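Novice: With the sequence up front, the predicted model follows.
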Amino acid sequence: MQTILLPEKVSRILNTLSAAGFEAFAVGGCVRDAILGRVPGDWDITTNALPEQVKALFRRTVDTGIAHGTVTVMLGSDGFEVTTYRLDGDYSDSRHPDKVTFTASLEEDLKRRDFTINAMAYHPEKGMIDLFGGQEDLQRRIIRCVGDPRERFDEDALRIMRALRFSAQLGFRIEEQTRAAIRAFAPRLQLISRERIHDEFLKLLLSPHPDRLLDLAECGITAQVFPLWDTMLETGQNSPFHQYSVGIHTLKVIEGVPAEPVLRLAAFLHDCGKPACKSTDLGGRDHFYGHAEKSAEIAEEFLKEYRFDNKTIADVLLLIRVHDDHYHGTRENVRREMNRVGQELFPSYLKLILADNLAKSRYALEEFMPRYERFHKLYEEILQEGDPITLKDLAVKGSDLIAAGMKPGPALGETLNRMLDDVLGNPKHNNKEYLLTQYVK
């Protein structure tokens, strides 16, 4: 019998419900992850106890989803969702059940869940309740819907994105009937809020298998949520610097950067403007003049549409705008690029341009790597020796200029920026006496 080591607080909740005469099981993704040897992010519990009965058994509870039967039980600072067995009514909007009916049957509750690997329940004494072959599907490494996949996707079209997301996170393939239903129901994603798609897309992008973006195109998903991705896959790059289409090059860059939101998003969108900027000269060579700025323009629309926060948007757009800078291996150039990108974001910039160039042709790599290695070495020297990079590094402050007779206002800021431009070119000029003599008349 499959056994799972439950956290003490989860066991306490199960035991409390059982002692009161109710059924209770750990259920869903936590059971799946525990079988796979992964650490569950959350432990969810399902029970035949009604919400008010659950609340009566525990001192601290929160009505997080009381209309759908969910009560969060608080044990210390930890919260555990406890949900009553339920049946979902029709999904007239392909997003939410029109009504929820509580049931005394665990089987009926499990039947409404999305995928077999998420439809298992566990109790230390009763063992594993696996009515739909979830354990076998875990062994076979497949994503398969519970019952008829067309019904599952008709109920909630977001399950289409979830199927691909689980495939990417776990490295599983999608079972053929489930895949066929995904293709058929992909247009239903138009009914899903951008916030919900945001969550699933970002999880896929940060997964160990972001190459599942190819499946999103093959299944017709990106045609609904980001059709430009399909165009990127079809846009060739006939150039000595490239060996892949825009889309495949983009995948290689995504795989080449750490799984961090800003970096993966910047990698995904850094060349999205290339299809619009493509031109071909008389010799048949492709060019993409101005693609960095065009990519930033398109990326901003995408990131805002899918409700990313302002800080993420700003950082991603900056990385896109600078990713194709033609830098030279001088210490001054590195300082100026650090000033433009910002010291906080500069390590991400280095990772992005390295991945971008590693995803090009051997010809490009032979030209790029010596320059990159020198650029990176100079960056480390600047950090070690503390070269001035920003206004806060200047030997002169605004208060010094006021003390020297300048009035607060735009002219004061302009003077500080001229001083910074000077010391970016020559750090030895970062001397209070020199700067005041040169710039305050």
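Specialist: Happy to help now that I have it.
Novice: for the stretch 201-350 of the chain, what spans make up the helices?
Specialist: According to DSSP state H, counting those that start in this stretch, the stretch 201-350 of the chain carries its helices in the segments 213-218, 222-225, 228-234, 246-256, 261-269, 274-277, 291-305, 310-322, 331-341, 346-358.
Novice: in its sheet, what does the strand or helix carrying residue 122 sit against?
Specialist: According to DSSP states H and E, residue 122 maps onto strand 120-123. Counting by DSSP bridges, the strands paired with strand 120-123 are strand 24-27 (antiparallel), strand 127-130 (antiparallel).
Novice: who's in contact with it?
Specialist: 2, 4, 6, 14, 24-28, 31-32, 34-35, 46, 106, 110, 128-130, 134-135 (Cβ atoms under 8 Å, 6 or more residues apart in numbering). Glycine gets a C-beta too; all of them are placed from N, C-alpha and C.
Novice: Please dump the helices of the stretch 201-350 of the chain into a markdown table; it should also carry mean pLDDT, mean neighbour count and distance to residue 387 for every row.
Specialist: Formatted as a markdown table, those follow (pLDDT from 0 to 100; neighbours: other Cβ atoms under 10 Å; distance: least, Cβ to Cβ, whole Å):
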| stretch | mean pLDDT | mean neighbour count | distance to residue 387 |
| --- | --- | --- | --- |
| helix 213-218 | 97 | 20 | 40 |
| helix 222-225 | 95 | 20 | 44 |
| helix 228-234 | 97 | 19 | 39 |
| helix 246-256 | 98 | 21 | 29 |
| helix 261-269 | 98 | 25 | 25 |
| helix 274-277 | 97 | 19 | 35 |
| helix 291-305 | 98 | 18 | 26 |
| helix 310-322 | 98 | 19 | 19 |
| helix 331-341 | 95 | 18 | 6 |
| helix 346-358 | 96 | 19 | 13 |
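Novice: between those, which gets nearest to residue 440?
Specialist: When those are compared by Cβ to Cβ, helix 331-341 sits nearest residue 440, at 22.3 Å.
Novice: for the closest one, packing partners?
Specialist: If you count contacts as 3 or more Cβ pairs under 8 Å, 6 or more residues apart in numbering; DSSP states H and E, helix 331-341 packs onto helix 310-322, helix 346-358, helix 362-385, helix 410-425.
Novice: and residue 139, which of those helices is closest to it?
Specialist: Closest to residue 139 of the helices and strands packed on helix 331-341 is helix 346-358 (Cβ to Cβ; 34.5 Å).
Novice: Kindly format the C-alpha coordinates of that closest one as PDB.
Specialist: Listed next in PDB are the C-alpha coordinates belonging to helix 346-358 (Å, rounded to 0.1, in the frame of the first residue of the first chain):
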ATOM      1  CA  PHE A 346      22.800  44.500 -14.300                       C
ATOM      2  CA  PRO A 347      23.500  40.800 -13.300                       C
ATOM      3  CA  SER A 348      20.300  39.900 -15.000                       C
ATOM      4  CA  TYR A 349      21.400  41.900 -18.100                       C
ATOM      5  CA  LEU A 350      24.600  39.900 -18.200                       C
ATOM      6  CA  LYS A 351      22.700  36.600 -18.000                       C
ATOM      7  CA  LEU A 352      20.300  37.600 -20.700                       C
ATOM      8  CA  ILE A 353      22.900  38.800 -23.300                       C
ATOM      9  CA  LEU A 354      25.000  35.600 -22.600                       C
ATOM     10  CA  ALA A 355      22.000  33.400 -23.200                       C
ATOM     11  CA  ASP A 356      20.900  35.400 -26.200                       C
ATOM     12  CA  ASN A 357      24.300  35.000 -27.900                       C
ATOM     13  CA  LEU A 358      24.700  31.300 -27.000                       C
END
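Novice: Check which helices and strands it sits against.
Specialist: Helix 346-358 makes packing contacts with helix 246-256, helix 261-269, helix 310-322, helix 331-341, helix 362-385 when contacts are defined by 3+ Cβ pairs under 8 Å, 6+ apart.
Novice: Looking at these, spot the one closest to residue 408.
Specialist: Closest among the helices and strands packed on helix 346-358, once you apply Cβ to Cβ, is helix 331-341, at 23.8 Å.
Novice: by how many degrees do the closest one and helix 410-425 diverge?
Specialist: 140 degrees (axes from the mean of the first three to the mean of the last three Cα atoms, to 10 degrees).
Novice: which one of the helices and strands packed on helix 331-341 lies closest to residue 400?
Specialist: Of all the helices and strands packed on helix 331-341, helix 410-425 sits nearest to residue 400, with 9.6 Å by Cβ to Cβ.
Novice: Adding distance to residue 163, mean neighbour count and mean pLDDT, write the strands paired with strand 120-123 out as CSV.
Specialist: Converted to CSV, the strands paired with strand 120-123 look like this (distance: least, Cβ to Cβ, whole Å; neighbours: other Cβ atoms under 10 Å; pLDDT from 0 to 100):
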stretch, distance to residue 163, mean neighbour count, mean pLDDT
strand 24-27, 19, 25, 98
strand 127-130, 19, 17, 96
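Novice: Any chance of CSV for those, columns distance to residue 241?
Specialist: What follows is those, written out as CSV (distance: least, Cβ to Cβ, whole Å):
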stretch, distance to residue 241
strand 24-27, 52
strand 127-130, 52
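Novice: phi, psi of residue 244?
Specialist: phi -130, psi 160 (degrees, to the nearest 10).
Novice: contacting residues for the closest residue to residue 178 other than its chain neighbours?
Specialist: Closest residue to residue 178 apart from its sequence neighbours, by Cβ to Cβ, 6 or more residues apart in numbering: residue 149 at 4.5 Å. Residue 149 makes contacts with 177, 178, 180, 181, 182, as judged by Cβ under 8 Å, 6+ apart.
Novice: nearest to residue 434, of those?
Specialist: residue 182 (66.6 Å).
Novice: Surely that closest one is in contact with residue 158?
Specialist: No: counting by Cβ atoms under 8 Å, residue 182 does not reach residue 158; the two are 11.9 Å apart.
Novice: Those two - which one has more neighbours?
Specialist: Set residue 182 next to residue 158 and count neighbours by other Cβ atoms under 10 Å: residue 182 wins out with 27 against 22.
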